[in-house]
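> here is the input, now give the coordinates:
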Amino acid sequence: MDDFLKDDHRDQNEETEYGQQVQLCVDQADVPIDNSDEVSLAALRNKLADYAELVLEQRYRFAKPIEIYMNMAYSASHGSKCIKRQVGAVLVNALPNVMGEVVGLGFNENPINTKPCI
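I've put the predicted structure just below:
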């Protein structure tokens, strides 16, 4: 595990123009797939097949609550005047997989009396 973490840190290379820039790829991905909770290769294959069917337009499904909230957070991130890292957040009072009440929405900003980095 230590080797993986060391390699993962090395391959991020966010500050250089060469290297794999893994974190930048994850940040720009349309659908990041977290497989850290998968117990089997079959479970991961099922998750991938689900997204592949959507991409190939073999079926349609409505957005899940978490996807709607992530879209809201992404939209909120555009309010940030920081061009290096725009971050949005949504605070929701909800149960898992159930639409809830949005109780907060925000984005990162420069400290008071600091000029925007634009």
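
> where do the helices sit along this protein?
Taking DSSP state H as the criterion, the chain carries its helices at 2-12, 22-28, 41-55, 65-77.

> quick check, pLDDT for the nearest residue to Leu91 once chain neighbours are set aside.
Of all residues not flanking Leu91 in the chain, Gly104 sits nearest, at 3.4 Å (C-beta to C-beta, 6 or more residues apart in numbering). C-beta coordinates here come from the backbone N, C-alpha and C atoms, glycine included. At Gly104, the pLDDT value in this model is 95.

> just checking, Gly104 touches Gly88?
No. Shown here, Gly104 and Gly88 do not form a contact pair, counting by C-beta atoms under 8 Å, at 11.2 Å.

> please list the residues outside stretch 52-68 that contact it.
Stretch 52-68 is touched from outside by Asn71, Ala94, Asn97, Val98, Met99, Gly100, with contacts defined as C-beta atoms under 8 Å, 6 or more residues apart in numbering.

> from Asn93, how far off is the last one?
If you measure Gly100 against Asn93 using C-beta to C-beta, to the nearest Å, the figure is 5 Å.

> who's in contact with stretch 29-49?
Identification of contacts with stretch 29-49 by C-beta under 8 Å, 6+ apart yields Val26, Tyr51.

> any idea of the mean pLDDT for it?
The average of the pLDDT scores along stretch 29-49 is 78.

> ditto for stretch 52-64
86.

> check the offset of that stretch from the chain's centre.
Computed by C-alpha atoms, centre = their mean, to the nearest Å, the separation of stretch 52-64 from the middle of its chain amounts to 19 Å.

> how about that stretch as PDB, C-alpha atoms only?
Extracted C-alpha coordinates of stretch 52-64, given in PDB (Å, rounded to 0.1, in the frame of the first residue of the first chain):
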ATOM      1  CA  ALA A  52     -21.300   2.400 -20.700                       C
ATOM      2  CA  GLU A  53     -25.000   1.800 -21.500                       C
ATOM      3  CA  LEU A  54     -25.700   5.500 -20.800                       C
ATOM      4  CA  VAL A  55     -22.800   6.700 -23.000                       C
ATOM      5  CA  LEU A  56     -23.800   4.300 -25.800                       C
ATOM      6  CA  GLU A  57     -27.400   5.500 -25.500                       C
ATOM      7  CA  GLN A  58     -28.600   1.900 -24.900                       C
ATOM      8  CA  ARG A  59     -30.800   3.100 -22.100                       C
ATOM      9  CA  TYR A  60     -31.900   6.300 -20.300                       C
ATOM     10  CA  ARG A  61     -32.100   7.100 -16.600                       C
ATOM     11  CA  PHE A  62     -32.800  10.200 -14.600                       C
ATOM     12  CA  ALA A  63     -30.100  11.900 -12.600                       C
ATOM     13  CA  LYS A  64     -29.600  10.500  -9.100                       C
END
